[in-house]
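Asks: how would this look folded up:
(one chain, ligands or ions: 1)
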Amino acid sequence: MGNFIRTKVFEISTSSHTDFVNVTHLVKGFVKESGIREGLCVVYVPHTTAGVFINEGADPDVVRDIAYKLNTLVEWEDPNYKHIEGNSAAHIKSSLMGNSRVIPVSEGKLLLGTWEAIFFAEFDGPRRRKLIVTLIGE
Ligand code: ZN
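Replies: This next block holds a predicted model:
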C-alpha cells in the first residue's frame, strides 16, 4: 500500500432513543471524492453508547428486528446495574455491536455486498454524534 490516508468526520443527528441511521451514502461519497483506488475503508464511532454495523439495507424490517431483539436482550432497567449515569444498557449494546468496521475498497468502490448497508447505531439518543471514516490505500 502507498501512503494515501484521508480522514473525514461526519456529524450524525439521531432522532430517537434507539436509532439506526443508514450512512452508506456518506461513506460511498467520501470514497468517490477522495480518489482512492485500492485499499481499506475504516468506519469508526468515537462514542461509548453508540456503534456501527453492516447489515441488510434493502428491507427496513431487518434493522427494526435487530433493534427489537437487542432491546429485548439488554433491558434498560436492571436492579443489578451499578453505573451511576443510568445508561448501562446503552454501553452494553455499544460493546455488543462494536464501534468500528473495515470495508475493502477496489477499483475506487466499496466492496459491500448487494444488500449490505452501513448503519450508525444510536443506543442513547437522540443526540448529535460523530462518525469518523478513514481511507488507507492508494
Ligand atoms: Zn454512561
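Asks: helix/strand/coil for the residue lying closest to Glu107 once chain neighbours are set aside?
Replies: Closest residue to Glu107 apart from its sequence neighbours, by CB to CB, 6 or more residues apart in numbering: Arg37 at 6.7 Å. Where C-beta positions appear, they are placed from N, C-alpha and C, glycine not excepted. Three-state assignment for Arg37 (DSSP: H, G, I helix; E, B strand; the rest coil): coil.
Asks: do Lys28 as well
Replies: helix.
Asks: cool, and His83?
Replies: Applying three-state DSSP: His83 is coil.
Asks: same question, Val102
Replies: strand.
Asks: what's around the nearest residue to Gly137 once chain neighbours are set aside, how many residues?
Replies: Leaving aside its sequence neighbours, Gly137 sits nearest to Gly39 (CB to CB, 6+ apart; 1.5 Å). Gly39 has 20 neighbouring residues, counting by other CB atoms under 10 Å.
Asks: beta partners for Gly39?
Replies: Val105, Gly137 (DSSP bridges).
Asks: mind listing what it touches?
Replies: 1, 4, 104-105, 135-138 (CB atoms under 8 Å, 6 or more residues apart in numbering).
Asks: Now, of those residues, which are buried?
Replies: 105, 135-137 (16 or more other CB atoms under 10 Å).
Asks: Once you drop chain neighbours, what's closest to Leu131?
Replies: Phe10 (4.4 Å).
Asks: go on, Pro46?
Replies: Residue nearest to Pro46 in three dimensions, not counting chain neighbours: Lys130, with 5.7 Å by CB to CB, 6+ apart.
Asks: Specify the beta-bridge partners of the one you found.
Replies: Here Lys130, judged by DSSP bridges, has bridge partners Glu11.
Asks: State the pLDDT value of it.
Replies: You'll see Lys130 listed with a pLDDT of 98.
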